[in-house]
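>>> below is the sequence, then the predicted model.
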Amino acid sequence: MRSISYYLLFFSLLIFNSSLYAQDPALHEHHPHESNEIGLGLGVSYNVEEAEWAPAVHAHYLRYLGEEKMFGLSGGFESILDEHTHYSITIGIHYRLFDFINLGISPGLSRSTVEKKWEFVSHFEAVTEFEMGFMHLGPMVEYAIGFNHSHALIGLHLGFGF
């Protein structure tokens, strides 16, 4: 239980630090978003069925469509690193709600090292992005649900646009 407190404190400080960047007026100038993004999410995941916390990592490629770049398509990979690691491969649809908030739905397949079978899973995520040049940084939350597994994830999103 003590390690959970350390995770929550660490990510609270990261989110607070991101909100300090948001106070910088230069970050509120409108910059056209890039069409492509390679992103990485690092966080902690709560496995609902096992009532356990574990580190998690998420990587994705995102392609925005059209001139406004409001909608996008992605391919992603996620891993929850506990004693029986879970892997997910997803294809997602994203919508930029505001200039700095990205919502996504990513159905896909998930597998654990214990069950050794693939199952359908859906990931629902929200990312707040603060632009710093070609880099995006901000907090992320996710909820994933499958037939045999569900988890919530909180973490830090780091994206590189091009």
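Thanks, I have the structure now.

>>> so where's the chain uncertain?
1-33 (pLDDT under 70).

>>> and if we set it to 50?
Where the chain drops to pLDDT under 50, the residues are 1-2, 20-22, 27-31.

>>> tell me where it has strands.
Per DSSP state E, the chain carries strands over the ranges 36-47, 52-65, 71-80, 86-98, 101-112, 119-128, 130-132, 135-146, 150-161.

>>> list the buried residues of stretch 86-99.
By neighbour count on 16 or more other C-beta atoms under 10 Å, the buried set for stretch 86-99 is 86, 88, 90, 92, 94, 96. No exception for glycine: its C-beta is placed from N, CA and C like everyone else's.

>>> I figured I93 was touching L103, is that so?
No. I93 lies out of contact with L103 (C-beta atoms under 8 Å); the separation is 9.4 Å.

>>> show me what Y87 bridges to in the sheet.
Beta-bridge partners for Y87, by DSSP bridges, are S79, R111.

>>> and it, how far from L42?
Here Y87 is placed at a distance of 16 Å from L42 (C-beta to C-beta, to the nearest Å).

>>> next up, the contacts around the residue lying closest to P55 once chain neighbours are set aside.
Of all residues not flanking P55 in the chain, L81 sits nearest, at 4.8 Å (C-beta to C-beta, 6 or more residues apart in numbering). Counting by C-beta atoms under 8 Å, 6 or more residues apart in numbering, L81 touches 54-57.

>>> what separates the spatially closest residue to I93 that is not a sequence neighbour from L65, distance-wise?
Of all residues not flanking I93 in the chain, I105 sits nearest, at 5.5 Å (C-beta to C-beta, 6+ apart). I105 is 16 Å from L65, where distance means C-beta to C-beta.

>>> do the same with F100
According to C-beta to C-beta, F100 and L65 sit 19 Å apart.

>>> okay, the two: which has more neighbours?
For the pair F100 and L65, the greater number of neighbours falls to F100 (16 against 12), based on other C-beta atoms under 10 Å.

>>> hang on, the more buried one packs against P139?
No. F100 sits out of contact with P139 when judged by C-beta under 8 Å, with a separation of 11.1 Å.
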